[in-house]
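>>> coords below, sequence missing:
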Ligand SMILES: Cc1ncc(COP(=O)(O)O)c(C=O)c1O
């Protein structure tokens, strides 16, 4: 096909910056879609005209309704993706589900993982976690065997960046997930550099958790992260990083012990604070 006849080219008009720039850095910050401006205007209009009614008229549910849009890109069933501030928060929520001072205290992280994820794991060393970072000898790739060999019956969590942010190296998530589950470990995949640019199917892969965000290939601008939680995951997993919006029957006057008794089902249980409406608006308008 002649590249000038590519039907995708019509989308270029949707990105104002392309009128005067050759934009080669979507892996860092995707270009702003024209519709983002309309979405932000819609947000302020609703705030101005509906005031507090806006919560009941869609804002409150936006972490999940917006998460469903992401779910349609990453192969997650409805209601399994919740929006948060960023990947760091999502990763912290997941790691706070586990005890790190027992015999199963090992975290295997790939040596090309995003630094923020590794900072979170290394901070867990204070709670007893044993961090095993599988090194990349060339700074670009990691042999699959090295990762598989590091996953053993002391491993509680395996963390893999699906596509390495520094080299675009694609990890074999299916093989790593299989190995993690064979030894009884959980796996969290960071999809930030894969979702929206290569096919991703969290259901087919069987990963337990996945994180990512709006900033890059999803073209939603800064400030929104998402967390996928596998539907059939152990319902007893309770994040210590939580908040009032995690309650199944939300009331401002709830006391902490009520939260422990009545968590909402996963992953809403992980929606820990007031919702991120402004960010969700930008992303939602990406449809
Ligand atoms: C693979 C990956 N994970 C995470 C992040 C960002 O993490 P956060 O959303 O916590 O800023 C980036 C880029 O900024 C990334 O490339």
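In hand now; what should we look at? Just so it is clear, the structure is predicted and the values come from calculations on it, not from any experiment.
>>> quick one: neighbours of the residue lying closest to residue 200 once chain neighbours are set aside, just the number.
Spatial nearest neighbour of residue 200, excluding adjacent residues (Cβ to Cβ, 6 or more residues apart in numbering): residue 74 at 4.8 Å. Any C-beta I mention is one placed from the backbone N, CA and C, and that applies to glycine too. Counted with other Cβ atoms under 10 Å, the neighbours of residue 74 add up to 25.
>>> how far away is residue 74 from residue 199?
Note on residue 74: its distance to residue 199, by Cβ to Cβ, to the nearest Å, is 10 Å.
>>> quick one: the strands in the stretch 1-150 of the chain, in order.
In the stretch 1-150 of the chain, strands defined by DSSP state E, counting those that start in this stretch lie at 81-84, 106-110, 130-134, listed in chain order.
>>> direction included, what does the last one pair up with?
Read that as strand 130-134. Sheet pairing here is set by DSSP bridges, and for strand 130-134 it gives strand 106-110 (parallel).
>>> list the contacts of the strand it pairs with.
Contact with strand 106-110 is made by 95, 117-118, 121, 124, 129-134, 136, 142, 147, 150-152, 154-161, 164, 171, 185, as judged by Cβ atoms under 8 Å, 6 or more residues apart in numbering.
>>> for the ligand, what are the nearby residues on the stretch 101-250 of the chain?
114, 116, 161, 165, 190, 192-193, 213, 225 (Cβ under 6 Å from any ligand atom).
>>> list buried residues within the contacts of strand 106-110.
With neighbours counted using 16 or more other Cβ atoms under 10 Å, these contain these buried positions: 95, 117-118, 121, 124, 129, 131-134, 136, 142, 147, 150-151, 155-161, 164, 171, 185.
>>> that older thread, compare the residues of the stretch 101-250 of the chain next to the ligand and tell me which is most surrounded.
With neighbours taken as other Cβ under 10 Å, the top of those is residue 190, carrying 29 neighbours.
>>> please report phi then psi for the residue lying closest to that one once chain neighbours are set aside.
Distances taken as Cβ to Cβ, 6+ apart put residue 161 closest to residue 190, at 4.5 Å, once the chain neighbours are dropped. Backbone torsions of residue 161, given as degrees, to the nearest 10, read phi -90, psi 110.
>>> so who does residue 161 touch?
110, 112-114, 117, 171, 189-190, 192-193.
>>> so the closest residue to residue 183 other than its chain neighbours versus the ligand, what's the distance?
Spatial nearest neighbour of residue 183, excluding adjacent residues (Cβ to Cβ, 6+ apart): residue 153 at 5.0 Å. According to Cβ to the nearest ligand atom, to the nearest Å, residue 153 stands 28 Å off from the ligand.
>>> likewise residue 85?
Separation of residue 85 from the ligand (Cβ to the nearest ligand atom) stands at 8 Å.
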